[in-house]
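Asks: next comes the sequence, and after it the predicted model I'd like to discuss.
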Amino acid sequence: MSVAAIDINNPDSYPDALVGLMNENSELFFAYQDSEAEALQSRLKGNLDYLCMRNKYSSEYSNFLETKLLSMVKKQSIFGWHFTRLTENERNIIKIEGIIPSSSNFLETRLTTLVESGMLSASEKKSITENSPLQNEQQRKSREGKFWFVSKKFPFNDGRVELLLNHWGGEVAYFWIHDETLKTKLQQIGNAKVIEATVPIEMIKQAYSASEAILANYLDPEKRYDINREFDFYIEKPLAPELISFIPIEELPS
């Protein structure tokens with residue numbers, strides 16, 4: 001890809017300015033985390049003194065993380081991975097037109113294409129549409145108008161992505177399908193695909209999670225501290241095709 005991006009999981013991909021800022025604040029990072037760890041251990045041991053413990057580094061640390069680091073991170077792009085199952089036609093469209101967020105209308109278009117090509121019957125299309133999470137008000141809030149990524153490349157047989165790779169259409173298609181015959185058909189349409197995208201952080205709402213993960217992976221590679229180092233994130237606007245590639249399944253970690 002022509003646009004440089006950060007791999008959250010690989011500190012060697014972090015730009016020099018970001019590394020410099022983290023190095024300048026490394027003592028603060030360890031002081032804050034050690035204080036947090038001490039309070040946690042006190043609580044786990046049943047010592048009620050933890051209720052009175054205050055992290056004296058909280059204000060300074062928050063200012064660094066939420067102002068200085070976050071401001072710099074928001075200027076970066078990160079790699080995101082999307083695990084899915086697509087027909088070759090759908091893959092080619094993404095390569096030409098890019099990614100657009102999920103919607104009921106987009107699912108309808110994709111299903112209609114499958115019916116026209118003979119891969120699904122009209123009744124099967126109706127069943128998928130009626131049972132789609134996009135028809136549920138609560139589910140729709142987290143799916144409509146969004147395209148989701150993960151910040152880590154998972155093995156293809158990882159439980160968090162295995163169903164996505166094995167069923168056409170993503171969760172909006174297969175999630176609430178109970179007809180085993182139809183489920184089997186969705187497993188036979190298309191092929192497992194992994195999309196690797198360069199996503200400008202300014203496009204997502206999880207910039208704080210990205211900052212926290214970058215900081216932890218760089219200053220605490222041994223994982224001494226319990227800090228979230230992977231996260232899901234989404235875009236709400238289309239992503240240009242030049243920011244997208246497909247990586248072979250065999251390139252996933254084992």
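Replies: Done, it's in. Predicted, not measured: the structure shown is a model, and the values here were computed from it. Residues are numbered from 1 along each chain as shown.

Asks: what sits against the residue positioned nearest the centre of the chain?
Replies: When the chain is reduced to its mean C-alpha position, the nearest residue by CA atoms, centre = their mean turns out to be Val150, at 2.1 Å. With contacts defined as CB atoms under 8 Å, 6 or more residues apart in numbering, Val150 is in contact with Gly80, Trp81, His82, Phe83, Arg160, Val161, Glu230, Phe231, Asp232, Phe233. For every residue, glycine as well, the C-beta is placed using N, CA and C.

Asks: at 7 Å instead, please
Replies: Neighbour list for Val150: Gly80, Trp81, Asp232 [criterion: CB atoms under 7 Å, 6 or more residues apart in numbering].

Asks: same deal with Ala210?
Replies: Listed by CB under 7 Å, 6+ apart, the contact set of Ala210 reads Ile8, Val73, Ile78, Ile201.

Asks: please flag which of the contacts of Val150 sit within helices.
Replies: In helices, judged by DSSP state H, none of the contacts of Val150 are found.

Asks: just among the residues you listed, which is most surrounded?
Replies: Note: the member of the contacts of Val150 with the most neighbours is Gly80, at 25 neighbours, neighbours being other CB atoms under 10 Å.

Asks: okay, and the beta partners of that one?
Replies: Note on Gly80: beta-bridge partners Ala197, judged by DSSP bridges.

Asks: surely it meets Ile195?
Replies: No. Between Gly80 and Ile195 there is no contact, the gap being 8.3 Å when judged by CB atoms under 7 Å.

Asks: circling back: from Phe83, how far out is the residue nearest to the centre of the chain?
Replies: When CB to CB, to the nearest Å is applied, the distance between Val150 and Phe83 equals 8 Å.

Asks: what do you get for Val73?
Replies: Going from Val73 to Phe83 by CB to CB gives 25 Å.

Asks: can you check Pro248 too?
Replies: Relative to Phe83, Pro248 is positioned 13 Å away (CB to CB).

Asks: in this structure, where is pLDDT below threshold?
Replies: Applying pLDDT under 70 to the chain flags residues 1-3, 43-53.

Asks: one more time with 90, if that's ok
Replies: Counting by pLDDT under 90, the ranges of the chain that qualify are 1-4, 36-55, 249-254.

Asks: measure Glu66 to Trp176 for me?
Replies: For Glu66, the distance to Trp176 (CB to CB) stands at 39 Å.

Asks: quick one, strands of the stretch 51-200 of the chain?
Replies: Listed from the start of the chain, the stretch 51-200 of the chain has strands (DSSP state E, counting those that start in this stretch) covering 77-86, 147-150, 191-200.

Asks: and Arg143, what does it touch?
Replies: Here Arg143 is in contact with Ser102, Pro133, Leu134, Val172 (CB under 7 Å, 6+ apart).

Asks: next one: Ile195
Replies: Trp81, His82, Thr84, Ile244, Phe246.

Asks: nearest to Lys185 among these?
Replies: For the contacts of Ile195, the minimum distance to Lys185 (CB to CB) is 16.8 Å, reached by Thr84.

Asks: number of residues surrounding that closest one?
Replies: For Thr84, the neighbour count with other CB under 10 Å is 20.

Asks: ok, the one 4 residues further on next?
Replies: When counting by other CB under 10 Å, one arrives at 10 neighbours for Glu88.

Asks: and the longest helix seen in the chain, what does it pack onto?
Replies: Using DSSP H to assign secondary structure, the helix with the most residues in the chain is helix 26-44. Counting by 3 or more CB pairs under 7 Å, 6 or more residues apart in numbering; DSSP states H and E, the packing neighbours recorded for helix 26-44 are helix 58-63, helix 207-219.
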